[in-house]
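*Asks:* predicted model and sequence follow; I will ask about them next.
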Amino acid sequence: MMKVAVISDIHANRHAFEAVLEAVANSDASELWCLGDLVGYGAEPDSCVELARNHAAVCLAGNHDLAVVGELPLDEFSRGASLAAQWTVEVMRQDNLAFLASLRPEGQEGTIGLYHASPRDPVWEYVLSALLAELCLDSQAQRIGLIGHSHVALSFVREEGALTTGEPRRAGTQLDISSGEWLLNPGSVGQPRDGDPRASWLMLDLDEMSVSFMRTEYDVAGAAGAIRAARLPDSLAERLEYGQ
């Protein structure tokens, strides 16, 4: 039986990443796929890159990863994100920077499309509406696509002859994806933005063609403390507690 744990947007939050890895290890997932943004915002980039190198069978590059390796200009980011990226460049080990530089923002595993942001724009597009999802499904070659970037767990579906519909997904939601075209977002491990501070991920069952949305508790105070100790903007620590 092939089950895949799908994660995205770790953002150098080691505490959240380790908690999710423990949950995945205790599940029946056979692989871990990461949709990008291992670094950015958080204070433990080397640890998170090493965890991904050791545990992820597939890993994409996110926009923050691309910024850290010099492929995106920092003036395209918010002030907090830009400061975190500059700090990350200064502290990261060269071998981990080289790993980030080897990644790309899109890929495919079997019949599943993988995109950090969207099928139309794998780096930057936030797919948060049914209209944008409809346009993405028009350009997606695969029936099922996995996307990250928005930090919100959600799903969009287009059944034959119907318009695309979608909504945010809470912990425990299970969906049958055996028919229709789909975009699935696991939410963010390291900086959720849907009001639930728990680390967010999903379980994809490729035999049953179903998906389950998961949340995992982690040491939010520890992650916030690491951000403050690194003298990164305090707002990056505060938002973790509120899931924003």
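*Replies:* Structure received.
*Asks:* please count neighbours and contacts with C-alpha atoms only from this point.
*Replies:* Fine.
*Asks:* most distant residue from the centre of the protein?
*Replies:* Distance to the chain centre peaks in the chain at residue 161, reaching 30.4 Å (criterion: C-alpha atoms, centre = their mean).
*Asks:* that one sits in which helix or strand?
*Replies:* Using DSSP states H and E, residue 161 maps to neither a helix nor a strand.
*Asks:* and it, its phi and psi?
*Replies:* Dihedral pair for residue 161: phi 80, psi 0, per degrees, to the nearest 10.
*Asks:* the one 3 residues further on too?
*Replies:* Dihedral angles phi and psi of residue 164 (degrees, to the nearest 10) take the values phi -70, psi 140.
*Asks:* look up the closest residue to it, ignoring the ones flanking it.
*Replies:* Spatial nearest neighbour of residue 164, excluding adjacent residues (C-alpha to C-alpha, 6 or more residues apart in numbering): residue 158 at 4.3 Å.
*Asks:* before we move on, what about residue 217?
*Replies:* residue 198 (5.0 Å).
*Asks:* where does that neighbour fall, phi/psi-wise?
*Replies:* Backbone torsions of residue 198, given as degrees, to the nearest 10, read phi -70, psi 150.
*Asks:* that one against residue 214, yeah?
*Replies:* No. Judged on C-alpha atoms under 8 Å, residue 198 makes no contact with residue 214 at a distance of 9.4 Å.
*Asks:* who's more crowded, the two?
*Replies:* residue 198 (27 against 24; other C-alpha atoms under 10 Å).
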